[in-house]
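> can you look at this prediction? I've put the sequence above it.
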Amino acid sequence: MTATDQQRVFGAEALADFAAAYPEQPRALRHNLHAHDLLTLDALADLSGLLAPSAIEYNRGDLPVGIDPDDIPANGLAIAETIRTIDDNGSWMVLKNIETVPAYRALLLALLGELEPTVRATTGEMLTPQGFIFISSPGAVTPFHFDPEHNILVHLRGAKTMTVYPAGDARFAADTAHENYHAGGHRNLVWEDGFDGAGLAVALAPGDAIYVPVMAPHWVKVADKAAISLSITWRSEWSYREAEARRTNGLIRKWGIAPTAPPRWPDEAHAKSLLWRGLRRLKLVH
């Protein structure tokens, strides 16, 4: 995508809003990605057959905001059937790593290409582009969790509300939760009733998007019609250093020492990141 604002998915105002928020503040944006042949329910059902089984996650959608991953119930349907009947089957699903399919990779890279000048000027090279598609029945809930990527959720169908909490704030995600996640634990977080009203709730309809910072806790509730959203994500050297510092902190904590959390942007956790990379080169950690 080049040239005019009409041809861009993110117009001049959206790009300016993104630049003002990136990388640490959540921000509502607008987009022009409406009807697209790759994003219909039939196309997504076909896509599910091209992805590795590990790239597909789906379950019943009538979940509480906070739930242990082991307690999440299956929906009893095949994935393609779940997608095609999403209006009525009470489910939630995500198709991960869509960039492994060439047509979807081209779509992802075109979208990220519009953001690249801002990203490069702020956090450096745009690393590890990945795409995720969320397909949800009416009323479905994505439980309280965080993710390691810089992320823009591009909403396409139906309506939902995403509630985002401050990244790096231990009130909402304890340091041990970060350390456990980066050591291979689940992304879901412990929910407390006192969190109600403490986050930024952003209503999303087709044409809306939201930028979500690295490891910002959030949860999502779909409204009364089935919803589709495309999540376009990337990593930065800073995000990788943050993750490596958290993994180092997990080791330090095992020695009986309470480590200091890594700083948020624009500071970087150089020493702990370098220590982790050194241990990995020596094959002392994985």
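Looks like it came in fine. Numbers count the residues shown, from 1 in each chain.
> just how off-centre is the longest helix anywhere in the chain within its chain?
Longest helix in the chain, counting residues (DSSP state H): helix 102-123. Helix 102-123 sits 15 Å away from the centroid of its parent chain (CA atoms, centre = their mean, to the nearest Å).
> tell me the mean pLDDT over it?
In this model, helix 102-123 has a mean pLDDT of 98.
> pLDDT of the next helix-or-strand element following it, averaged?
Elements were assigned by DSSP states H and E; along the chain past helix 102-123, the next helix or strand is strand 127-136. For strand 127-136, mean pLDDT is 98.
> which residue ranges of the stretch 101-250 of the chain form helices?
Taking DSSP state H, counting those that start in this stretch to define them, one finds helices in the stretch 101-250 of the chain at 102-123, 175-182, 237-254.
> the first one vs helix 237-254, what angle?
Between the direction of helix 102-123 and that of helix 237-254, the angle (axes from the mean of the first three to the mean of the last three CA atoms, to 10 degrees) works out to 80 degrees.
> and helix 102-123, what other elements does it pack with?
Contacts defined by 3 or more CB pairs under 8 Å, 6 or more residues apart in numbering; DSSP states H and E place helix 102-123 against helix 12-21, strand 127-136, strand 150-157, strand 227-235, helix 237-254. The way it works is simple: take the backbone N, C-alpha and C, and place the C-beta from them, glycine included.
> which one of the ones you listed lies closest to Ala174?
Across those, Ala174 has its closest neighbour in helix 237-254 (11.4 Å, CB to CB).
> mind listing what's buried along stretch 33-46?
33, 38-39, 41, 44-45 (16 or more other CB atoms under 10 Å).
> so what touches that stretch?
With contacts defined as CB atoms under 8 Å, 6 or more residues apart in numbering, stretch 33-46 is touched by 9, 47, 79-80, 83-84, 86, 95, 103-104, 107, 111, 133, 135, 154, 156, 206-207, 228, 230.
> coming back round to it: can you tell me which of the helices and strands packed on helix 102-123 is nearest to Glu268?
Closest of these to Glu268 is helix 237-254, at 5.1 Å (criterion: CB to CB).
> what's that closest one packed up against?
Partner elements for helix 237-254 (3+ CB pairs under 8 Å, 6+ apart): helix 102-123, helix 175-182, helix 270-281.
> let's go with 7 Å and repeat that
Contacting helix 237-254 under the criterion 3 or more CB pairs under 7 Å, 6 or more residues apart in numbering; DSSP states H and E are the following elements: helix 175-182, helix 270-281.
> in this protein, where is pLDDT below threshold?
Within the chain, the stretches with pLDDT under 70 are 1-6.
> returning to that earlier point: list the buried residues in the longest helix of the chain.
Buried positions in helix 102-123, judged by neighbour count with 16+ other CB under 10 Å: 104-105, 107-108, 111-112, 114-115, 118-119, 123.
> now for the nearest residue to Glu192 once chain neighbours are set aside, how many residues are close by?
Closest residue to Glu192 apart from its sequence neighbours, by CB to CB, 6 or more residues apart in numbering: Gly66 at 7.7 Å. Gly66 has 17 neighbours, counted by other CB atoms under 10 Å.
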